[in-house]
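> structural data only, the sequence is not supplied:
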């Protein structure tokens, strides 16, 4: 079965590497590359402006991509989808636009300790500029979140709760729906980092109660440089633009401007239409494979990796004991071997993983590991790749001079 | 038996059994060196006697290359004049960039064991962390 998927991904089909870094960026199937090329070879023009057929075709390709993203997230309307470069840009848009306009001195912004820096630094900025207080939801050692603790941290001063749906270090899913309910009870908005959830599970922004949710195209098998932000229409309507300039106005005078309607108000400058077409193809591809099939493969491979690692002395896996609570992310340490040496040695065996702090330094400090190694699995991986990973890990200590 | 060491033995030995990784309570200079990409983080501690490095040590955490390189460096510079230590540091930096001559690399003694790092661009910062911190400590200037 997996070989069928693999042939869809030209890099994987042509290279003899075990690619276990899909949480950093996934590989792209041929249909995504074709869609980008098709845009440039058949309908390249500046979208949203030109009156000639090419520009209309470009606009259609771009707006069809928006419709597809809206369906992917079950947004109420495509107007609620803003194209961005990536998750980081989406979260910054919310912080600079909604955050600076709505957070005041004395307010509180609540984030979890397991946020990627991209869902932490923008809130640090908002709190610094407004005089609000940044507070942290700390997780348990296995990565689970105690809702009683969350409830005790939310109060009438809380204006924003920002949380990742799946941790990029622990792979664990957070109870977004319940946290959003607690946030809404006090009138706070719920901002969700969907970068690690969107590749692995159906995400329904309405069912989650997310007011904002950002994700990246390149993690859902789409191109780099395109991502999307979902925002609830009432909120987006009231927000000031993030960037200003071309393609986001109705009219401009010497003194001022009337901004364009949603979603264009938030898309200043020439847009990444080829990227949107590529992302559209990626979402179609995912729908074709289906989350059920992807999840089954990812669970089988994650279980194989975790069971194998448990047999190797001196290896510790971070987070839950249960493979189904990892969403393909297996972060680990090896006694006496620094993660960067792990990464280097594995690379020499053709096994590509991530080593370091994974842009989540506060979480790693909280868990007591300044850095770790992370293997991350996608449905196109194979048992053979997992076995190469395990074989390489089992030789690490010996190759670092610890003897057999 | 086949030698299955990934890094050479000099490097792994200095990493696992460092001679100078300990506190130095009477140090005159303590300077932190950080390599943000790897998370390597050391505190270099030096005791000076006039122009001579009378004693030295380091504490901290980091990858094998950063830790071994700092340990080898201290073994080489303790007992030397500041100028000599800086000159060795200069040769070391050039070796890592693949620009030092064989004669110069000979002068680096055990530190020459790190010459292959020149082929691992992602690890250059690890190898030079100790030497870079030493230079800042001795010249009092951040690069």
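Ah, there it is. Because the structure is predicted, anything quoted here is derived from the model rather than measured.
> what's the local residue count around residue A:159?
Residue A:159 has 22 neighbours, counted by other C-beta atoms under 10 Å in any protein chain shown. C-beta coordinates here come from the backbone N, C-alpha and C atoms, glycine included.
> where does the stretch 1-150 of chain A get nearest to chain B, residue-wise?
Here the stretch 1-150 of chain A gets closest to chain B at one residue, residue A:117, 11.9 Å apart by C-beta to the nearest C-beta.
> surely that residue and residue A:361 touch.
Yes. Taking contacts as C-beta atoms under 8 Å, residue A:117 lies within contact range of residue A:361: 7.2 Å.
> so what pLDDT did the residue of the stretch 1-150 of chain A closest to chain B get?
Model confidence at residue A:117, expressed as pLDDT, equals 96.
> what do you get for the one 5 residues further on?
Residue A:122 carries a pLDDT value of 98.
> same question for the one 3 residues further on.
Residue A:125 carries a pLDDT score of 98 in this model.
> would you list the phi and psi of it?
As for residue A:125, its main-chain torsions (degrees, to the nearest 10) stand at phi -60, psi -50.
> how about residue A:56?
Given degrees, to the nearest 10, the pair of backbone angles that residue A:56 has is phi -70, psi -40.
> then residue A:32?
Torsion angles at residue A:32 (phi, psi; degrees, to the nearest 10) stand at phi -70, psi -40.
> what distance do you get for it to residue A:295?
21 Å (C-beta to C-beta, to the nearest Å).
> neighbour-wise, which of the two wins?
It is residue A:32, of residue A:32 and residue A:295, that has more neighbours when counted by other C-beta under 10 Å, with 28 against 17.
> pLDDT wise, what is the more buried one at?
At residue A:32, pLDDT is 98.
> and what of residue A:404?
pLDDT for residue A:404: 64.
> next one: residue B:8
Reading off the model, residue B:8 has pLDDT 89.
> excluding chain neighbours, what is closest to it?
In space, and not counting its chain neighbours, residue B:8 is closest to residue B:113: 5.5 Å by C-beta to C-beta, 6 or more residues apart in numbering or on different chains.
> identify the residues contacting the spatially most central residue of chain A.
By C-alpha atoms, centre = their mean, chain A has its centre lying nearest to residue A:195, at 0.9 Å. The neighbours of residue A:195, taking C-beta atoms under 8 Å, 6 or more residues apart in numbering or on different chains as the test, are A:87, A:116, A:118, A:164, A:168, A:214-216, A:219.
> do that again at 7 Å, thanks
Counting by C-beta atoms under 7 Å, 6 or more residues apart in numbering or on different chains, residue A:195 makes contact with A:87, A:116, A:215-216, A:219.
> you'd agree it is in a helix?
No. Going by DSSP: H, G, I helix; E, B strand; the rest coil, the assignment for residue A:195 is coil, not a helix.
> backbone phi and psi for it, please?
phi -60, psi -40.
> can you pull the contacts of residue 70?
You didn't pick a chain, so chain A it is. So residue A:70 contacts A:77-78, A:80-81 (C-beta under 7 Å, 6+ apart).
> if you could check chain B rather than the one you did, that'd help
The contact partners of residue B:70, by C-beta under 7 Å, 6+ apart, come to B:42, B:58, B:129-130.
> how about the residues of chain B that lie near chain A?
B:4-6, B:9, B:12-13, B:16, B:38-39, B:61-64, B:123, B:126 (C-beta under 7 Å from any C-beta of the partner chain).
> what is the nearest of the residues you listed to residue B:92?
residue B:126 (12.9 Å; C-beta to C-beta).
> neighbours around the closest one, how many?
The burial count for residue B:126: 29, using other C-beta under 10 Å.
> report all helices and strands that the helix or strand where it lies contacts.
Using DSSP states H and E, residue B:126 sits in helix B:124-139. Packing partners of helix B:124-139 (3 or more C-beta pairs under 7 Å, 6 or more residues apart in numbering or on different chains; DSSP states H and E): strand B:29-35, strand B:40-49, helix B:64-77, helix B:82-96.
> need the contact list for residue 57.
Picking chain A for this. residue A:43.
> that's the wrong chain, I wanted chain B
B:20, B:22-24, B:45, B:74.
> which two in those residues are spaced the farthest apart?
B:23 and B:74 (13.3 Å).
> of the contacts of residue A:70 - the most surrounded one?
residue A:81 (28 neighbours).
> now do the SS call for the residue of chain B found nearest chain A.
Proximity to chain A, evaluated over chain B using C-beta to the nearest C-beta, is greatest for residue B:12 at 3.1 Å. Taken by three-state DSSP, the conformation at residue B:12 corresponds to helix.
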